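> predicted model and sequence below, questions to follow.
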Amino acid sequence: MFRTFCRILVVLFLCGGAGCAQAPTGLAADFRTGDWWGGFGLIDGDRLHWTHFIATLRAKGPGITGEGMYITGPDQGRISDKAIDISGAFRGETLRLRLSFDGRKVDCDLDLEAEHAAGACVADGESLTLRMVRVASFDPAEASEIQSVYGFDEGRRILVGQIGPVPMMLDLPSGQMRVLFPKGDGAWTAGPRMLVGHPEEWRLVFEKDELRVERDGEALRRGKRRPEPTTEEFSFTSERDGVTLRGTLTLPQGSGPHPGVVWVHGSGRTPRSEAMFFPRYMADLGFALLAFDKRGVGESGGKYAMPDGSTFNVSFLRRRGADVASAMNALRRHPRIADRPVGLMGISQAGWVLPVAASSTECAFTISMSGGATRLSQEAHFSELTDELRSDAAARSIEDALAKVRARKPRGHDWSSDFASQSCPGLWLYGLNDRINPSQLAVEVLEAVKAEHGKDFTIVTFPEGNHPLMQSRLGGRAESVVLTGFVAGKFPTIEGWLEERGFMP
């Protein structure tokens, strides 16, 4: 999901021509100048998706023609840089716009206002929504400068990070998350959904080391920039086979020593950047976090696949566990970590990797978010049945998929023994609206291990949480970019558990 944001870059060129009529006036003329960010798709109803673009509009007569790039299709299953052709004409204060891409045509009628445009579209007989917001010229240096954690009274924080070139805000502890739209003079706005910028709901104004936040026109309070973490390149050798792996260590301010965390990726050829906002988030809590490129990815050596070409079996996951254990051993030797506790945190496929690493070296704790715990065949069968990419009310229900998985005789390795071998405490967070991992079955596995072996496992479920633990309705990936953020209890649960177990600095 979070790579969907990383390549949002569409440029629209407007031109007129010999056949152009009288140039539009008023809002229509004003609309054709400046920069606009927008998107089209479905944000309500029984099917949810959104296609994103950034537009630089230039007036050249009353007509509109141009071409650019669209980023994702409705299934959000791929990132593509395919061309999009644009044509349109003004009818008073209304713009008739056509977008043609990937063999599809989207026809829209937009109502224009000074700072935004919104309207209805039709594509392949489906009614869509298009929303565009006027923005100031995007300054990458400014976007980098505002990244920080800002502290407010009563423990509230706003983390400002970046997904690719696009700044985002994470409101803590609520978990609300938005992409920020640049408005100039230190001001940024955000809309009602992650990537939907209109209507404006949030306004953030950055003034040196302060942040003024308004929501729905009401000033909330001023926040202060908290101490900035430092980063350094970090390399280590896998004790399994001598392969060199490289990553980034994010450290809190101060000489330490600090407790450490190794980030454990989910599936795929994921680099260190897939840790997203967690390095800054954990550093603000006082933890040093190491995120490294998987072997065969980014700057890490070795080959990603096993010698037989496999990338999802017991051998592959045990090799991942060995790499993570080596990372923990190397991190403990860092002078600003010294002999402080070092734990693990990860998502999705990390669930199978954490106990392998934790049982093979000294580990203080594990935090798993939507982590795999069932047999691999059960997870694969479940995600196939639910059609994990869809956000469609017509898709097979999670309950039906679970019933079919239960009815099939389990095949493959039972990971219960791996979880039983973990001696350190573990926190397991699951969303019950997950269409990728059978959370309900994973919880049953962990509860059985906990009961039989007396493990210090804390298992927390969120009924409306999807796979990334965002507050969802349909549960598929396609809706993620039109959600409002994470489930409300995600971050308070993590922080409360670390505090209760005595790991919080």
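Yes, it's here. Numbering: from 1, shown residues only.
> sec struct for K450, please.
Look at K450: counting by DSSP: H, G, I helix; E, B strand; the rest coil, its state is helix.
> I'd say it and F457 touch.
Yes. Judged on CB atoms under 8 Å, K450 makes contact with F457 at a distance of 4.6 Å. Just so you know, the C-beta spots here come from the backbone N, C-alpha and C atoms, and that holds for glycine as well.
> which of the helices or strands spans H52?
In the assignment (DSSP states H and E), H52 maps to strand 49-57.
> I'd like the average pLDDT over that strand.
Mean per-residue pLDDT for strand 49-57: 78.
> for that strand, packing partners?
The contact analysis (3 or more CB pairs under 8 Å, 6 or more residues apart in numbering; DSSP states H and E) places strand 49-57 against strand 34-42, strand 63-70.
> pick out the shakiest of those, pLDDT-wise.
Averaging pLDDT over each of the helices and strands packed on strand 49-57 puts strand 63-70 lowest, since it has a mean of 61.
> beyond that one, next helix or strand please.
With DSSP H and E, the next secondary element past strand 63-70 is strand 82-91.
> and that following strand with strand 49-57, angle?
On the basis of axes from the mean of the first three to the mean of the last three CA atoms, to 10 degrees, strand 82-91 is oriented at 70 degrees to strand 49-57.
> quick one, strands of the stretch 101-250 of the chain?
Using DSSP state E, counting those that start in this stretch, the strands assigned to the stretch 101-250 of the chain run over residues 104-112, 116-123, 126-135, 148-151, 157-163, 166-172, 177-179, 181-184, 187-190, 202-207, 210-215, 218-225, 230-237, 244-251.
> for S439, find the nearest of these.
strand 177-179 (20.9 Å; CB to CB).
> how far off centre is that closest one?
10 Å (CA atoms, centre = their mean, to the nearest Å).
> what about the strands of the stretch 101-250 of the chain, which gets the closest to V487?
That would be strand 177-179 among these, by CB to CB, at 11.3 Å.
> what lines up beside that closest one in the sheet?
Sheet pairing for strand 177-179, assigned by DSSP bridges, gives strand 166-172 (antiparallel).
> could the strands of the stretch 101-250 of the chain go into CSV alongside mean neighbour count and distance to D392?
What follows is the strands of the stretch 101-250 of the chain, written out as CSV (neighbours: other CB atoms under 10 Å; distance: least, CB to CB, whole Å):
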stretch, mean neighbour count, distance to D392
strand 104-112, 18, 18
strand 116-123, 18, 16
strand 126-135, 20, 12
strand 148-151, 22, 37
strand 157-163, 20, 25
strand 166-172, 22, 26
strand 177-179, 23, 23
strand 181-184, 20, 28
strand 187-190, 22, 27
strand 202-207, 18, 29
strand 210-215, 18, 32
strand 218-225, 14, 36
strand 230-237, 15, 41
strand 244-251, 21, 37
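> check these for me: which has the lowest mean pLDDT.
For the strands of the stretch 101-250 of the chain, where the average pLDDT is lowest is strand 218-225, sitting at a mean of 83.
> neighbouring contacts of it?
Residues from elsewhere that reach strand 218-225 (CB atoms under 8 Å, 6 or more residues apart in numbering): 148-153, 156-158, 209-214.
> so where do the helices sit in the stretch 201-350 of the chain?
Secondary structure of the stretch 201-350 of the chain (DSSP state H, counting those that start in this stretch): helices at 278-285, 314-332, 350-358.
> mean neighbour count, those: which tops it?
helix 350-358 (a mean of 28; mean count of other CB atoms under 10 Å).
> output the contacting helices and strands for the helix or strand following that one.
Sequence-wise, the next helix or strand downstream of helix 350-358 (DSSP H and E) is strand 366-369. Here strand 366-369 touches strand 342-347, helix 350-358, strand 426-431, helix 490-500, going by 3+ CB pairs under 8 Å, 6+ apart.
> what pLDDT, on average, does strand 366-369 get?
98.
> before we move on, what about stretch 466-483?
Computed over stretch 466-483, the average pLDDT equals 90.
> end to end on that stretch, go ahead and measure it.
In stretch 466-483, first residue to last residue: 11 Å (CA to CA, to the nearest Å).
> coming back round to it: what pairs with the strand holding H52, and is each one parallel or antiparallel?
Applying DSSP bridges to the sheet, strand 49-57 is found paired with strand 34-42 (antiparallel).
> centre of the chain to the strand it pairs with, how far?
Centre-to-centre, strand 34-42 and its host chain are 20 Å apart (CA atoms, centre = their mean).
> likewise stretch 246-266?
Distance, centroid of stretch 246-266 to centroid of chain: 20 Å (CA atoms, centre = their mean).
> ends of stretch 148-155, how far apart?
16 Å.
> tally of neighbours for D241?
11 (other CB atoms under 10 Å).
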